[in-house]
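>>> would you be able to build a 3D model of this:
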Amino acid sequence: MPTHSAAATSRIVGSVGVLVLAMVSIQTGAALAKQLFPAVGPAGASTLRLLLAAIILGAVLRPWRVRLTRPVWRSVLVYGIALAGMNAFFYLALVSIPLGIATALEFTGPLFVATIASRRPLDFLWVALALAGLLLLLPIGATTGSVDPVGAGYALAAGICWGLYIVFGQKAGAEQGVRITALGVAIAAVCVFPFGLSQAGVTALFAPEILPLAIAVAVLATAIPYSLEMIGLRRLPRRTFGTLMSLEPAIAALSGLLLLGERLAPIQWLAIMAIIAASVGTTITAVRPEDSPPLSDPPVMGAEGTPEATPA
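Predicted coordinates:
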């Protein structure tokens, strides 16, 4: 029979595998969403994803059972608006820049949320490393000519929204957990719907021929990752979770390459690796081992439907 240590190791390894699979699913969903742009535009794609995700999460989580105080409702409202901005700006960024670069730029939001409260010299090292990655990606020099400045701006705006999403999502979800996610997604869907309707029109937005792809986006970017993370993340320490989440820009770049044919220059890969290294360093040094219990409650979901355990 396996020892207790072997069984614990097996559970952790299995949970890590589940989380990696969830990230692959999320980025596959993002790549598929980009294929909706010719039919409904980025605003329409964001609207379809959030509407269908709200239906899926509503059926699973039954958020109407939640009883919230007025202060919590205010946090939920900001949380939902931030989620709307995060998705809308991210999809707008994908119009003109590759998936991997958009995700790396957006990832600076949670990275700075994790470091902003710290004053240790080591944490400023991680900030400097992240800034170095940004300088390599942003269109401010001859080495970054292929990065569209408007797309980069949208990705950074999505990162700001991601930071707000984390702060207010943790406040809103402190008492009710992931049921708040369903409310936030519903609010986000209401916020982006007028823009999606204006860009795509009723006929295109609800065309039967694009519904299968739209459902695939909602399922891959929300339903499957949510289910996988519910299985695995309860057993992972927060530090392990944060470190693994840092791999997402690289997974996004690989998804863009394999599914969309988006090839990055070596300098852009270097920039993405710098941002990943900064995020890994922040995660490892921000939380002491004794402060890193497994996530006993389902965590607040992150930018592309992923749980976010970064300390606010």
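>>> gap between the spatially closest residue to residue 57 that is not a sequence neighbour and residue 65?
Distances taken as C-beta to C-beta, 6 or more residues apart in numbering place residue 182 nearest to residue 57, at 4.0 Å, with adjacent residues excluded. Glycine gets a C-beta too; all of them are placed from N, C-alpha and C. The spacing between residue 182 and residue 65, counted by C-beta to C-beta, to the nearest Å, is 10 Å.
>>> neighbour count for these two, which is higher?
Applying other C-beta atoms under 10 Å to residue 182 and residue 65 shows that residue 182 carries more neighbours, namely 23 against 8.
>>> that one is in what secondary structure piece?
helix 179-205 (DSSP states H and E).
>>> how far off centre is that helix?
18 Å (C-alpha atoms, centre = their mean, to the nearest Å).
>>> report the buried residues of the next helix or strand after it.
Per DSSP H and E, the first helix or strand lying C-terminal to helix 179-205 is helix 211-218. For helix 211-218, the neighbour count (16 or more other C-beta atoms under 10 Å) marks 213, 214, 215, 216, 217, 218 as buried.
>>> could you grab the helix/strand/coil label for residue 84?
Following DSSP: H, G, I helix; E, B strand; the rest coil, residue 84 is assigned to helix.
>>> that one and residue 75, how far apart?
In terms of C-beta to C-beta, residue 84 sits 15 Å off from residue 75.
>>> please apply the same query to residue 224.
27 Å.
>>> and residue 90, what pLDDT?
According to the prediction, residue 90 has pLDDT 93.
>>> okay, the angle between the one helix or strand it maps to and helix 179-205?
Per DSSP H and E: residue 90 is located in helix 70-94. Per axes from the mean of the first three to the mean of the last three C-alpha atoms, to 10 degrees, the angle that helix 70-94 makes with helix 179-205 is 40 degrees.
>>> next SSE downstream of helix 70-94?
helix 99-115.
>>> restricting to C-alpha, output that following helix in CSV.
Taking C-alpha atoms only, helix 99-115 is exported to CSV below (Å, rounded to 0.1, in the frame of the first residue of the first chain):
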residue,chain,number,x,y,z
LEU,A,99,-2.3,35.9,-28.0
GLY,A,100,0.9,35.3,-26.1
ILE,A,101,1.9,39.0,-26.0
ALA,A,102,-1.6,40.1,-25.0
THR,A,103,-1.6,37.6,-22.1
ALA,A,104,1.9,38.6,-21.0
LEU,A,105,0.9,42.3,-21.0
GLU,A,106,-2.4,41.6,-19.2
PHE,A,107,-0.6,39.5,-16.6
THR,A,108,1.2,42.5,-15.3
GLY,A,109,-2.1,43.5,-13.5
PRO,A,110,-2.1,40.6,-11.0
LEU,A,111,1.7,40.8,-10.8
PHE,A,112,1.6,44.4,-9.5
VAL,A,113,-1.3,43.7,-7.2
ALA,A,114,0.8,41.0,-5.6
THR,A,115,3.8,43.3,-5.1
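>>> output the contacting helices and strands for it.
Under the contact criterion of 3 or more C-beta pairs under 8 Å, 6 or more residues apart in numbering; DSSP states H and E, helix 99-115 touches helix 4-34, helix 70-94, helix 121-137, helix 149-176, helix 248-260, helix 266-286.
>>> possible to save those helices as TSV with mean neighbour count and distance to residue 105?
Formatted as TSV, these follow (neighbours: other C-beta atoms under 10 Å; distance: least, C-beta to C-beta, whole Å):
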stretch	mean neighbour count	distance to residue 105
helix 4-34	18	14
helix 70-94	22	7
helix 121-137	18	6
helix 149-176	22	4
helix 248-260	21	9
helix 266-286	20	8
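>>> right, and the ones you listed - which one's nearest residue 106?
Closest approach to residue 106 among the helices and strands packed on helix 99-115 is made by helix 149-176 (4.4 Å; C-beta to C-beta).
>>> now the angle from the closest one to helix 121-137?
Using the same axes, to 10 degrees, helix 149-176 lies at 140 degrees relative to helix 121-137.
>>> and helix 149-176, what does it pack against?
Using 3+ C-beta pairs under 8 Å, 6+ apart, helix 149-176 is in contact with helix 70-94, helix 99-115, helix 179-205.
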